[in-house]
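Colleague: next come a sequence and a model predicted from it.
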Amino acid sequence: MEKIDFEYPAGEPAIGRILTGVVGSGDLEVLLEPNVAGVTTVSVTTSVDGFRRVWESLLTRVFTAVPLPASRIEIHDFGATPGVVRMRIEQAFEELNEPSQK
Amino acid sequence: MNIEEMLSRNSFIELDARKRARALLDADSFRELIDPFERVTSPWLAQQGVVTQADDGVVVAKGIIDGQPAVVLAIEGAFQGGSLGEVGGAKIAGALELAAEDNRKGIPTRAVLLFETGGVRLQEANLGLAAIAEIHSAIVDLRRYQPVIGIIAGTVGCFGGMSIAAGLCSYLVVTRDARLGLNGPVVIEQEAGTAEYDSRDKPFIWSFTGGEQRYHSHLVDAYVEDDAQQIRGVVSAFFQKGLPNKNRSELYPGFLACLAEVDASAQATPETIRAIYKKGFSS
């Protein structure tokens, strides 16, 4: 098990909080909460050791491609592939806009 | 089920624990207690190098079913096989105890348990076992006032100490994908050998512990399709029916009489078990 932290520039604070995914085989859990304006923090706990560089490139791609609301994100990963990680994060930001899910 | 029905139905098995709870409660009445953002989670898993889920794999949902207060306790089978540790177990036991307390104060809170569990979480050993024992006594307490409905949808099934919790419920509902048994297939194989019980032979496993077999052996009360709407309807119907005349666990003399009929010298088959159990346990 490895714990890795990241920080990215962001916009205004996210409104609401969202949970996506489960800590199941090949999946992960993403908890998204509002952060102070201007910065998004991502804290990753993963069951697979030694993939810091993969996490870094993937998260940098997601959080620098388009401006996203400032969030405090916690990821509990159970061996998800980069594709699944990206989908779960994007799902969280998408569900932020659906009031019924909050 | 034909193709039309297949396409129009809303699978219950495909829903995660939180969505299952939501599907059973009246629209917009879902309110989660000790939600994942409170981060009340297992203190033991991380110490053993296991990634923890923020809700410890248990969803406690308060809400309304048919206009009456209810609490739905849903276990997430995808996280650690739905195993119950100290925190998840305490969430279920605590919620059931509060529901019983409600009833003593005149608030008719009812409970639905969604079992998707291999039983105790081995990493938390005695603490998990203690929590499961608390769940047992809380079910027995609450079922004096209101029906406690257990649902095993699948595909994990319900095993170990939690299969006893299922047996204590006022009513038990299963799908074809569900399994119910005290020992899981791998444990039986380990103890008795593959000649006795091959855990990789899925049709064989389901023929003994699967939902259909358990229904025909009178060990559960309803056998339903994997359909959220239908499952909600069955829950509704059992709540309307009220308390059963006798709880299944009170029929133990009948169970013992059935067990006495089992011929241990011959390999048991699903048919012989059905034949013995179908007579019922009322005796």
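Modeller: Great, that's in hand. Residues are numbered from 1 along each chain as shown, chains lettered A, B, ... in the order given.
Colleague: now do the SS call for the residue in the stretch 1-150 of chain B that chain A sits nearest to.
Modeller: Closest approach of the stretch 1-150 of chain B to chain A (CB to the nearest CB) occurs at B:Ala78, with a separation of 3.1 Å. Using the backbone N, CA and C atoms, a C-beta is placed for each residue, glycine as well. The assignment at B:Ala78 comes out as coil when based on DSSP: H, G, I helix; E, B strand; the rest coil.
Colleague: that one contacts B:Leu15, doesn't it?
Modeller: No. With contacts counted by CB atoms under 8 Å, B:Ala78 stays clear of B:Leu15, the gap being 11.2 Å.
Colleague: which non-adjacent residue is nearest the residue of the stretch 1-150 of chain B closest to chain A?
Modeller: Closest residue to B:Ala78 in three dimensions, ignoring its sequence neighbours and counting by CB to CB, 6 or more residues apart in numbering or on different chains: A:Gly24, at 3.1 Å.
Colleague: ditto for B:Ile92
Modeller: Setting aside the residues directly before and after it, B:Ile92 is nearest to B:Leu73 in space (CB to CB, 6+ apart), at 4.8 Å.
Colleague: surely that neighbour meets B:Val60?
Modeller: Yes. In this structure, B:Leu73 sits in contact with B:Val60. The criterion is CB under 8 Å, and the distance is 6.0 Å.
Colleague: who touches both of the two?
Modeller: Common neighbours of B:Leu73 and B:Val60 are listed as B:Lys91, B:Ile92, B:Ala95 (criterion: CB atoms under 8 Å, 6 or more residues apart in numbering or on different chains).
Colleague: okay, buried residues for stretch B:225-239 please.
Modeller: Along stretch B:225-239, these residues count as buried under the neighbour rule (16 or more other CB atoms under 10 Å in any protein chain shown): B:Glu225, B:Asp226, B:Asp227, B:Ala228, B:Gln230, B:Ile231, B:Arg232, B:Val234, B:Val235, B:Phe238, B:Phe239.
Colleague: actually, stretch A:43-53.
Modeller: Buried residues in stretch A:43-53, defined by neighbour count with 16+ other CB under 10 Å: A:Val44, A:Thr45, A:Thr46, A:Ser47.
Colleague: and these, which is closest to B:Thr52?
Modeller: The shortest gap between B:Thr52 and any of these belongs to A:Thr45, at 7.8 Å (CB to CB).
Colleague: now for B:Leu7, how many residues are close by?
Modeller: B:Leu7: 7 surrounding residues under other CB atoms under 10 Å in any protein chain shown.
Colleague: got a list of what A:Asp77 touches?
Modeller: A:Val23, A:Leu28, A:Glu29, A:Val44, A:Thr45, A:Thr46, A:Ser47, A:Val48, A:Val85, B:Val51.
Colleague: let's see it at 6 Å
Modeller: Going by CB atoms under 6 Å, 6 or more residues apart in numbering or on different chains, A:Asp77 touches A:Leu28, A:Thr46.
Colleague: ok so, going back, can you flag which of the shared contacts of B:Leu73 and B:Val60 belong to helices?
Modeller: Judged by DSSP state H, helices contain the following of the shared contacts of B:Leu73 and B:Val60: B:Lys91, B:Ile92, B:Ala95.
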